[in-house]
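>>> Quick one: sequence and predicted model below, then my questions.
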Amino acid sequence: MPSSFIPVPAGRDERFDAYLATPDSPNGGSIVVLQEIFGVNGYIRSVCDAFAAEGYFAIAPDLFWRQERLVALDPAVPDQMQRALALSQSLDHGQAVADALAAAAVAREQPGANGKVAAVGFCLGGKLAYLMAMEPGIDAGVAYYGVAIQASLADMGKVTAPLLLHIAADDHLCPPDAQAAIAAAAAENPKVEIITHDGVGHGFARRGPTYDAVAAERADAATAQRLRASLT
């Protein structure tokens with residue numbers, strides 16, 4: 001299963017890097033994997049590799065490239081956590097979506113790809129997956145504990161691709177009032193499905209101190225079902 005960083009055109013003769021994992025036996029579908037605030041680190045690359053093992057072309061664009069290229073941070077290291085927060089706070093979400101769409105275009109061009117693309121994001125990437133589900137040419141979106149979706153609920157009606165939101169019931173970044181607001185907005189759009197995972201907090205799917213195997217496996221199974229239905 002080949003994998004490497006590849007250049008992605010960004011306009012005006014600019015390029016940024018993206019990690020591409022290529023399946024040995026493609027099923028045709030492609031997935032844009034949208035990073036947490038920690039960049040395209042080992043965890044995000046492992047997510048791409050896992051999707052490729054299931055037959056998908058999986059590409060993770062380096063969304064911080066305008067600030068600092070190839071950021072790969074460890075959330076367990078305090079100094080790196082602070083650096084990640086600073087990078088995420090200065091990220092232009094519109095530019096990040098444009099970069100993710102450029103990465104999607106590269107994935108569609110891979111031999112064996114069928115042109116269908118999903119956006120799957122975590123934390124910061126979860127919010128971006130929500131925004132990506134509003135874009136033409138995106139066939140599905142999945143957001144794991146997306147940060148600040150509650151601040152953009154006026155756009156919920158613009159979601160046109162099937163969108164699955166995994167919400168952690170004990171997520172300190174998405175408290176109960178925010179969860180209720182998201183649920184109320186989502187109820188107005190039949191394209192949006194919410195799964196709330198009880199007893200877990202932010203980052204429950206990431207291997208490490210916050211990981212919860214039961215919730216992660218349940219979420220990943222629902223994600224796999226959504227991707228199969230939308231991409232293959």
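Arrived safely, thanks for sending. Residues are numbered from 1 along each chain as shown.

>>> What strands line up against the helix or strand hosting Val32, and which way round?
Using DSSP states H and E, Val32 falls within strand 30-34. On the basis of DSSP bridges, the sheet neighbours of strand 30-34 come out as strand 57-61 (parallel), strand 117-122 (parallel).

>>> Spell out, range by range, the helices that occur in the chain.
Ranges of helices in the chain, per DSSP state H, are 42-53, 78-89, 93-108, 124-132, 176-186, 213-231.

>>> Give me the helices and strands touching the fifth one, please.
Taking 3 or more Cβ pairs under 8 Å, 6 or more residues apart in numbering; DSSP states H and E as contact, the helices and strands that helix 176-186 lies on are strand 163-168, strand 192-197. C-beta coordinates here come from the backbone N, C-alpha and C atoms, glycine included.

>>> coming back round to it: which stretch among the strands paired with strand 30-34 comes nearest Val32?
Nearest to Val32, of all those, is strand 117-122, at 4.9 Å by Cβ to Cβ.

>>> Against Ala76, how distant is the nearest residue to Ile167 once chain neighbours are set aside?
Using Cβ to Cβ, 6 or more residues apart in numbering and skipping residues adjacent in sequence, the residue nearest Ile167 is Thr196, 4.8 Å away. As judged by Cβ to Cβ, to the nearest Å, Thr196 and Ala76 stand 27 Å apart.

>>> Who has more neighbours out of these two?
Thr196 (14 against 9; other Cβ atoms under 10 Å).

>>> most neighbours per residue, which of the helices and strands packed on helix 176-186?
strand 163-168 (a mean of 25; mean count of other Cβ atoms under 10 Å).

>>> Just checking: what are the partner strands of it?
Short version: by DSSP bridges, strand 163-168 pairs with strand 140-144 (parallel), strand 192-197 (parallel).

>>> Can I get it as PDB, trimmed to CA atoms?
Presented in PDB, the C-alpha positions along strand 163-168 are these (Å, rounded to 0.1, in the frame of the first residue of the first chain):
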ATOM      1  CA  LEU A 163     -23.300  14.500   6.500                       C
ATOM      2  CA  LEU A 164     -22.700  12.400   9.700                       C
ATOM      3  CA  LEU A 165     -21.800  14.300  12.800                       C
ATOM      4  CA  HIS A 166     -20.200  12.300  15.700                       C
ATOM      5  CA  ILE A 167     -20.800  14.300  18.900                       C
ATOM      6  CA  ALA A 168     -19.200  13.400  22.200                       C
END
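
>>> So what touches it?
126, 129-130, 133, 140-146, 149, 174, 179, 182, 186, 191-197, 200-202, 204-205, 215, 219, 222-223, 226 (Cβ atoms under 8 Å, 6 or more residues apart in numbering).

>>> what's the closest of the helices of the chain to Asn27?
Closest among the helices of the chain, using Cβ to Cβ: helix 213-231, at 7.5 Å.

>>> one step back: any chance of CSV for the strands paired with strand 163-168, columns distance to Phe38?
Formatted as CSV, the strands paired with strand 163-168 follow (distance: least, Cβ to Cβ, whole Å):
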stretch, distance to Phe38
strand 140-144, 14
strand 192-197, 21
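
>>> Quick one: closest of those strands to Tyr56.
strand 140-144 (11.5 Å).

>>> circling back to that earlier point, could the helices and strands packed on helix 176-186 go into TSV alongside distance to Asn114?
As requested, the helices and strands packed on helix 176-186 are exported to TSV (distance: least, Cβ to Cβ, whole Å):
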stretch	distance to Asn114
strand 163-168	20
strand 192-197	23
